[in-house]
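Chemist: attaching a predicted model along with its sequence, questions to come.
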Amino acid sequence: MTIAVDFDGTLVTHEYPMIGKPIPFAIETLIKLQKELHCNIILWTYRTGKTLDEAVEYCSSKGLEFYAVNKNYPEEEDGDKDFSRKINADIYIDDRNLGGLPDWGVIYAVIKGQTKPVYDDAYILTKPKKNWLIRLGERLQE
């Protein structure tokens, strides 16, 4: 299985061009999927040049190595006959998905087949319900 994953907003918070704060369990989940299901993980991001190198190094320092970065396979070159900016993957994980980024625990369970995706009436993948104390705190901050 090939999984294409975004960086900013998906593995770390949005602070481009800087590296944001880690999103809890994102990198750990991908490493676990690599080990358990032998998934090929492709970093699929807007970043290029120095900012891309920094993102790859950040992930590497956390133990996440990518099968490929912004390409379909490691040897692919821009000049290849079949080169495409569209990554050929079985699953795309991106905070800009319709409905947003589910919790990484939900992502793991769906990919492992331990649960089916939960959709609301609009067919948007729904996030798990927040506990009432968190919801109360958010309302008090408004």
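Modeler: All right, it came through fine.

Chemist: ok, now which ones touch E15?
Modeler: With contacts defined as C-beta atoms under 8 Å, 6 or more residues apart in numbering, the neighbours of E15 are 8, 21. Any C-beta I mention is one placed from the backbone N, CA and C, and that applies to glycine too.

Chemist: name the element it belongs to?
Modeler: Using DSSP states H and E, no element contains E15; it sits outside every helix and strand.

Chemist: I'd like to know how far it sits from I91.
Modeler: 25 Å (C-beta to C-beta, to the nearest Å).

Chemist: and the gap between the closest residue to T51 other than its chain neighbours and Y58?
Modeler: Leaving aside its sequence neighbours, T51 sits nearest to P17 (C-beta to C-beta, 6 or more residues apart in numbering; 4.9 Å). P17 sits 13 Å away from Y58 when distances are taken as C-beta to C-beta.

Chemist: higher neighbour count, the two?
Modeler: Taking other C-beta atoms under 10 Å, P17 and Y58 do not tie; Y58 has more neighbours (17 against 10).

Chemist: and the residue nearest to that one when sequence neighbours are not counted, how many neighbours?
Modeler: Nearest in space to Y58, with sequence neighbours left out and distances taken as C-beta to C-beta, 6+ apart, is I19 at 5.3 Å. Applying other C-beta under 10 Å, we find 18 other residues in the vicinity of I19.

Chemist: look at the residue nearest to T51 and tell me its secondary structure.
Modeler: For P17, the assignment made with DSSP: H, G, I helix; E, B strand; the rest coil gives coil.

Chemist: L52 is in contact with that one, correct?
Modeler: No: counting by C-beta atoms under 8 Å, no contact exists between P17 and L52, whose distance comes to 10.3 Å.

Chemist: what's the helix or strand for the closest residue to L64 other than its chain neighbours?
Modeler: Distance criterion C-beta to C-beta, 6+ apart; nearest residue to L64, sequence neighbours excluded, is I27 at 4.9 Å. Using DSSP H and E, I27 sits in helix 26-37.
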